[in-house]
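J.: using only what follows, build the 3D model:
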Amino acid sequence: MSLLEIEKLSLTIGATRILRGVDLSVAPGEIMGLVGESGSGKSMTALTAMRLLPHAARATGRVTFDGIDILKATEDQMCALRGDDIGMVFQEPMTALNPVKTIGEQVAEGIRWHRRERARKMLDRVGLPVAEFPLSRYPHELSGGQRQRVVIAIACALDPKLLIADEPTTALDVVLQAQILDLLRDLVAEKRMGLLLISHDLAVVTEMADRITILRGGEVMEAGETAPILSGQSHPYTRQLAQASMHVPARAKTRAANGVAPLLEVEGLRRDYAGRRTSLFARGPVIRAVDDVSLSIAPGQSVALVGRSGCGKSTLARMILALAKPTAGTIRFRGETITGKTEAQLRPARRDMQVVFQDPYGSFDPRQRVETLVAEPLHVLEKQPSPAERREKVRQALHEVGLAVSDMDKYPHEFSGGQRQRLSIARAIITRPKLIVADEPVSALDVSIRAQVLDLFAELNQKLGIAYIFITHDLTVARAMSDEVLVMHAGRIVERGKTGQVLDHPQSEAASALVAAAPDLHRAIARRMQEQG
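T.: Here you go, the predicted structure:
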């Protein structure tokens, strides 16, 4: 008997049809993979199962959980189910967490007895031991991957019968991703919990899911056992997704030429944070997030910065962009030192450097329309464009990242997670900068759009000579897009070299761990076929 049964589910929001006759089921102890492009209806299917739909939504069909008709259940009945019987891991951890509550309070929020002890155990199980991550920490004190682990701990704290995981490993490094996936497998096996795993990563779904449902435009394209579907790839759309997941952009590798002045130079960079306050007059030991980092990037060169979650990658990026002040060290951009300069003095440099942040929703003002958000960097230009020119630049940027002109009048909440990341990239390229620091630029994108965006990055690199720093957990992206790889661990660069050399023959323990844990679609399919045959 199925734990969750969805039959002929159709969903409209206003005049827009989101889902069209979706059939899906999850049995106790089973992992069901739900795959599809951004905007295909994956998350809306999950939200319907939780009855977390906007007021304008209208759902028809049948959704039952453990014999309860979800679409006809009262709100009191749903409140009893949510969290206790049905847990959910949301896609964007920072927006799912309350910024004014500690992580201990949030994990223990639904627990009535032994709350702190249960919270400690759950956080320890998802890789956040209390010795390093006390319950008194707040979400902003954690990295993106660490916040995602808190969200998973919250969802699993009450041992739900069904867990809906919407891109649960998007923000995680490959080593931690493997640990979290092992944790989810263990929970399914131990508790006979059903797991609906929503992901655009076919390798992850192949490794995890017993069965798979593939959505496109709100319709089921193909459904069945995972191994036969992904090994045979008989459906054209399944084949398209598999090819896109392994897509490598055609780009000319750009090497630093002799005698060419570096675009960016970093020497001896260090960043310390004050320790947590232990009493009114005392603090704990200083936290060193970045420790003696040096690097150099030539014009048009692409460098990948890889490492575990919390190793200091994003902190280093913020200092390079002059969004955080280093404790020590020097940063030179276009031959000029930018450390220690005022905002007014930094303005010329800001015209030639842009950023794509890891959390697309958190980087936008939710009260502003897309036209205003994407055009935001234009204010640093020496010659300000007219309103008509601004609108044309926004239109061009949206077109380049695969969005429609009509999207200019929408708000960020009207887009899927992947579409919001495309908006972030449009905003970054609108000034045609010399350097883009891309912090996990394709982690939230489905495989088809990911392929398009990587092609776009490669095209801009070749046509405009834009240099990139790709901060990424995805070694496939590092291999496809970078000339050199820097491996970061505990705030330090522990290995560097040509991309193929580092990823094919890692020398450091940190690099070896990343390479060993990286998911691979071919390997996952072969393992699945071997298990069944």
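J.: sec struct for the residue with the largest distance to the centre of the chain, please.
T.: In the chain, counting by CA atoms, centre = their mean, residue 281 sits farthest out from the average C-alpha position, at 38.8 Å. Classification of residue 281 by DSSP: H, G, I helix; E, B strand; the rest coil places it in coil.
J.: same check, this time on the one 10 residues further on
T.: Put simply, residue 291 is strand when judged by three-state DSSP.
J.: and the closest residue to it other than its chain neighbours, how far from residue 294?
T.: Distances taken as CB to CB, 6 or more residues apart in numbering place residue 491 nearest to residue 291, at 4.0 Å, with adjacent residues excluded. (C-beta placed from N, C-alpha, C; glycine too.) Distance of residue 491 to residue 294, given as CB to CB, to the nearest Å: 13 Å.
J.: try residue 44
T.: Separation of residue 44 from residue 294 (CB to CB): 47 Å.
J.: ok, residue 180 next?
T.: With the distance defined as CB to CB, residue 180 ends up 33 Å from residue 294.
J.: neighbour-wise, which of the two wins?
T.: Legend: neighbour count by other CB atoms under 10 Å for residue 180 and residue 294, higher for residue 180 (21 against 13).
J.: thought residue 170 was touching that one, still the case?
T.: No: between residue 180 and residue 170 there is no contact under CB atoms under 8 Å: 10.9 Å.
J.: which parts of the stretch 351-500 of the chain are strands?
T.: Under the criterion DSSP state E, counting those that start in this stretch, strands of the stretch 351-500 of the chain are mapped to 353-356, 435-439, 467-472, 484-489, 492-498.
J.: low-confidence ranges in this structure?
T.: Along the chain, the model assigns pLDDT under 70 to residues 94, 109-116, 144, 171, 250-259, 280, 417, 444, 532-533.
J.: domain ranges for it, per the record?
T.: Domain assignment for the chain, taken from automatic domain parsing, gives 4-245, 299-323+351-520.
J.: got these as JSON lines, with distance to residue 336 columns?
T.: Listed next are the domains of the chain as JSON lines, based on distance: least, CB to CB, whole Å:
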{"stretch": "domain 4-245", "distance to residue 336": "31"}
{"stretch": "domain 299-323+351-520", "distance to residue 336": "11"}
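J.: so which of the ones you listed comes closest to residue 529?
T.: Closest to residue 529 of the domains of the chain, according to CB to CB: domain 4-245, at 5.2 Å.
J.: quick one: end-to-end distance for the closest one.
T.: One end of domain 4-245 sits 29 Å from the other (CA to CA, to the nearest Å).
J.: ditto for stretch 404-421
T.: 14 Å.
J.: same check on stretch 500-513?
T.: Criterion CA to CA; first-to-last residue distance in stretch 500-513 is 16 Å.
J.: buried set for that stretch?
T.: Judged by neighbour count (16 or more other CB atoms under 10 Å), stretch 500-513 contains these buried residues: 502, 503, 506, 510, 511, 513.
J.: nearest residue to residue 420 in space, please, no chain neighbours.
T.: residue 360 (3.8 Å).
J.: the one you found and residue 101, how far apart?
T.: In this view, residue 360 and residue 101 are 23 Å apart by CB to CB.
J.: for the two, indicate the residue with more neighbours.
T.: Neighbour count, other CB under 10 Å: between residue 360 and residue 101, residue 360 has more, with 26 against 12.
J.: now the residue nearest to residue 291: how far from residue 147?
T.: Distance of residue 491 to residue 147, given as CB to CB: 19 Å.
J.: same thing with residue 415?
T.: Taking CB to CB, one finds residue 415 at 21 Å from residue 147.
J.: same question for residue 54.
T.: With distances taken as CB to CB, residue 54 is found 25 Å from residue 147.
J.: neighbour count: these two, which is higher?
T.: Between residue 54 and residue 147, counted using other CB under 10 Å, the more crowded position is residue 147 (23 against 10).
J.: for the more buried one, which non-adjacent residue is closest in space?
T.: Nearest non-adjacent residue to residue 147, counting by CB to CB, 6+ apart: residue 93, 3.8 Å away.
J.: thought the one you found was touching residue 153?
T.: No: if you go by CB under 8 Å, residue 93 and residue 153 don't touch, sitting 10.9 Å apart.
J.: and for the closest residue to residue 60 other than its chain neighbours, the neighbour number?
T.: Distance criterion CB to CB, 6+ apart; nearest residue to residue 60, sequence neighbours excluded, is residue 10 at 5.0 Å. For residue 10, the tally of surrounding residues (other CB under 10 Å) stands at 16.
J.: host element of residue 10?
T.: Secondary structure assignment for residue 10, by DSSP states H and E: strand 4-13.
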